[in-house]
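In: The sequence and its predicted three-dimensional model are supplied below.
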Amino acid sequence: MYDVMKQAEEKLVQVGYDLTISVIVFVLSVIILTVIFDIILTIWNNKKPPEERKSSLVIFLISVFVGWAITTLVFVYRMVMIGLEHLKN
C-alpha cells in the first residue's frame, strides 16, 4: 500500500512539473508570436495611405489574438497527442 501511495505521489509531482513547464512555454509563445505579428502588421499598415490605416491599439489586439490562437491550437494538438500516447501504454 505504501508503494502505491509513493508511486502516485511521484506521478502527481511529475504531472505538476509538466503542467508548470507547459504554462510557461504557452505564455512565452503567446508573447513571442504577439511581438512578431505586431511588427509585421505595423509594417504592413504603414504602407497603406493615411486614411486607410488602423490604429496601433487595433493592430496590437489583432496580434495578441492571433498569437493566442496559434499557440492554443498547437498546445491542444500536443496535449491530445500526449494523451493518446498515454492511452496506448
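Out: On my side now, so go ahead.
In: Can you list the low-confidence ranges for the chain?
Out: Applying pLDDT under 70 to the chain flags the ranges 89.
In: mind redoing it with 90?
Out: Applying pLDDT under 90 to the chain flags the ranges 1-27, 29-30, 48, 50-56, 67-68, 70-89.
In: biggest helix in it by residues?
Out: For the chain, the helix with the greatest residue count under DSSP state H is helix 2-46.
In: Beyond that one, next helix or strand please.
Out: Per DSSP states H and E, the first helix or strand lying C-terminal to helix 2-46 is helix 56-88.
In: list the contacts for residue 73?
Out: If you count contacts by C-beta atoms under 8 Å, 6 or more residues apart in numbering, residue 73 has none. C-beta here means a position set from N, CA and C on the backbone, and glycine is covered the same way.
In: got it, and the one 4 residues further on?
Out: Applying C-beta under 8 Å, 6+ apart, one finds that residue 77 lies in contact with no residue.
In: Kindly provide the distance from it to residue 31.
Out: Noted for residue 77: a distance of 20 Å to residue 31, by C-beta to C-beta, to the nearest Å.
In: And stretch 47-60, what's buried?
Out: Buried positions in stretch 47-60, judged by neighbour count with 16 or more other C-beta atoms under 10 Å: residue 59.
In: For it, measure first residue to last.
Out: With C-alpha to C-alpha, to the nearest Å as the measure, stretch 47-60 spans 17 Å from end to end.
In: Please work out how many residues are found near residue 74.
Out: For residue 74, the neighbour count with other C-beta atoms under 10 Å is 14.
In: Excluding chain neighbours, what is closest to it?
Out: Spatially, and ignoring its direct neighbours in sequence, residue 74 is nearest to residue 29 (7.5 Å; C-beta to C-beta, 6 or more residues apart in numbering).
In: Report how many residues lie close to residue 34.
Out: Residue 34, neighbours per other C-beta under 10 Å, totals 20.
In: Touching, it and residue 64? I think so.
Out: Yes: contact criterion C-beta atoms under 8 Å: residue 34 and residue 64 qualify, at 5.1 Å.
In: If anything else comes up later, I'll come back, but that's it for now.
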